[in-house]
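J.: Build me a structure from this.
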Amino acid sequence: MRTRAAVLCAATAVLATSLTSAHAQAAPGRDTAGITWKDCGTGAAPTLQCGTLKVPLDRTRPAGPQVTLALSRVPHTAQTSQGPLLVNPGGPGGSGLSLAGFVASSLPKKVAAQYDVIGFDPRGVGKSTPALDCAPGHFAPVRPGSVPSTPALERKNVERARAFAAACARAHADVLPYIDTVDTVRDMDAIRAALDAPRISYFGYSYGTYLGAVYAKLFPQRVHRLVLDSIVDPTGVWYEDNLAQDVAFDDRHRALMAWIARNDAVYRLGTDPAKVEAKWYAMRAALAKRPAGGKVGASELEDTFMPGGYYDGYWPTLAEAFSAYARDGKTGPLVAAYGKLAAVDPSGDNGYSVYTAVQCRDAAWPRNWSRWERDARRTHAKAPFMTWNNTWYNAPCAFWPAGPRQPVNVANGKLSSALLFQATGDAATPYAGGVMAHRLLAHSSLVVEEGGGNHGVTLSGNDCLDKYLADYLADGTVPRGRGVADATCERSPEPEPEPRTAKRAATVARGSTLHGLLGFRH
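T.: I've put the predicted structure just below:
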């Protein structure tokens, strides 16, 4: 649910015909109900098109200030179209423009050909305007250590959070009351209307699952297919969800330590996972005193290893950097890993600004810092990897200038179907959230990657999961089981220090591409 730089039974023939009539004649480069599409293809997505759509900032003032949404599209090529498929990578704050090309190229050709795959930058994000940037350089290294070992260090971090919220108020006071999930959902419906589509399909990862669930709640009659991958617990928005994340990330970090221990012949850090973990915390303590390369202190180290909780394809890079530092005192690999996985550029500043704007506005957060401190200390005692790092990441919400909305109750009995995907060991959106969403979406089907720990599991190399996805998007077919899960798939193979086959290397490359688009800290 955090973002750094970086989801309905078979359709009838009548529905397919109605959707086709709305879309089959939308030729590339032509206006589609007010959206002018222009070619912006890339090597990976040669048919990609780009466009924009203006929507009211405040929908109670339709003639007032406008927001410009940046859009992308891979047009359908089949004679019969199932209409638009909107895709979202999560965040909040993630850009969806490139995800459209990835989804269109990763689905089976016969399935992708039936959809206009639509990416978009939500309001405030990326190429949409106005784009938020509250405090450029907020994550510039070296930041104060996250674990408040002294009252002075805790005060310093509290003041950083307070200052960020104040900077947002100064820079974007007129916009912040309208940067939230509900306003983004209404933008999605404006996209649907501009495409002249009676219904849309939706495919969202991470926070994008909450976005999709809220859209389905507000506009159930406008949903054709709904796919949610790595699912936010909609009953914990957002304070409780982040506390649950802390514990799950600690489990995932220990899984990395155990993997390093199993590969001791390569990394030479020992065969006992507990002792390997102790060396990691010793590294964090040392970096708090002397940052590597003047860039990687304790907080930056946590930022660097956090992506390993999202995607185990990063484990070899992280293990190599850890080993080089812990065994030989070499800082270069650690600095390089930080630059690759954690350093924040201007797009990251934008993403974090939108992240805080949406999360702080979507629901009420504790305004008394003593509540945050008490919960963080209690959670840190059992989950020391990222509890405090995550606390400071969200702490601006304790001081946020725009008042909160009421969270949306996404319980929904009006959809004929929805397809949900969840890994049992997901850290960013723990398994219980997928189960809860499955219960609340009355006619949904849940596909579980048993033993998997990655966040964002479809289109990442697991053929079993991808078959369920393709069948559903093709004709609405969903599994129906009798247990908590309607279907299970074996977990994807754990990473190898070096891929031993060309097939495995290709799978890792595909997974890395997807997770680069999804970003980290969702």
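J.: What segments of the stretch 101-250 of the chain are helices?
T.: With helices called from DSSP state H, counting those that start in this stretch, the stretch 101-250 of the chain shows them at 109-112, 151-172, 181-194, 207-218, 239-262.
J.: Mind giving me the packing neighbours of the second one?
T.: Helix 151-172 is packed against helix 346-362, helix 387-394, with contacts defined by 3 or more CB pairs under 8 Å, 6 or more residues apart in numbering; DSSP states H and E. Where C-beta positions appear, they are placed from N, C-alpha and C, glycine not excepted.
J.: and among these, the most buried is which?
T.: Among these, the stretch with the highest mean neighbour count (mean count of other CB atoms under 10 Å) is helix 346-362, at a mean of 25.
J.: returning to that earlier point: format the helices of the stretch 101-250 of the chain as CSV; extra columns: distance to Trp372 and mean neighbour count.
T.: Converted to CSV, the helices of the stretch 101-250 of the chain look like this (distance: least, CB to CB, whole Å; neighbours: other CB atoms under 10 Å):
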stretch, distance to Trp372, mean neighbour count
helix 109-112, 45, 15
helix 151-172, 9, 16
helix 181-194, 22, 20
helix 207-218, 21, 28
helix 239-262, 9, 20
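J.: Is it possible to get CSV of those helices that adds mean pLDDT and distance to Gln422?
T.: Formatted as CSV, the helices of the stretch 101-250 of the chain follow (pLDDT from 0 to 100; distance: least, CB to CB, whole Å):
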stretch, mean pLDDT, distance to Gln422
helix 109-112, 98, 22
helix 151-172, 98, 31
helix 181-194, 98, 20
helix 207-218, 98, 9
helix 239-262, 98, 12
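J.: so what's Leu71 bridging to?
T.: On the basis of DSSP bridges, Leu71 is bridged to Gly51, Phe120.
J.: out of the helices and strands packed on helix 151-172, which comes closest to Thr331?
T.: The minimum distance between Thr331 and the helices and strands packed on helix 151-172 falls on helix 387-394, with 20.5 Å, by CB to CB.
J.: For Cys50, grab the count of nearby residues.
T.: 19 (other CB atoms under 10 Å).
J.: so it sits right up against Ser72, yeah?
T.: Yes - look at Cys50 against Ser72 with CB atoms under 8 Å: they come within range, at 5.4 Å.
J.: Can you pull the residues that touch both of these two?
T.: Common contacts of Cys50 and Ser72, defined by CB atoms under 8 Å, 6 or more residues apart in numbering, comprise 40, 97.
J.: Please convert the helices and strands packed on helix 151-172 to JSON lines, extending it with mean pLDDT.
T.: Conversion of these to JSON lines gives the following (pLDDT from 0 to 100):
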{"stretch": "helix 346-362", "mean pLDDT": "97"}
{"stretch": "helix 387-394", "mean pLDDT": "98"}
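J.: quick one: which of these is nearest Leu415?
T.: That would be, of the helices and strands packed on helix 151-172 and by CB to CB, helix 346-362, which comes in at 21.8 Å.
J.: Just want the angle from that closest one to helix 207-218.
T.: 40 degrees (axes from the mean of the first three to the mean of the last three CA atoms, to 10 degrees).
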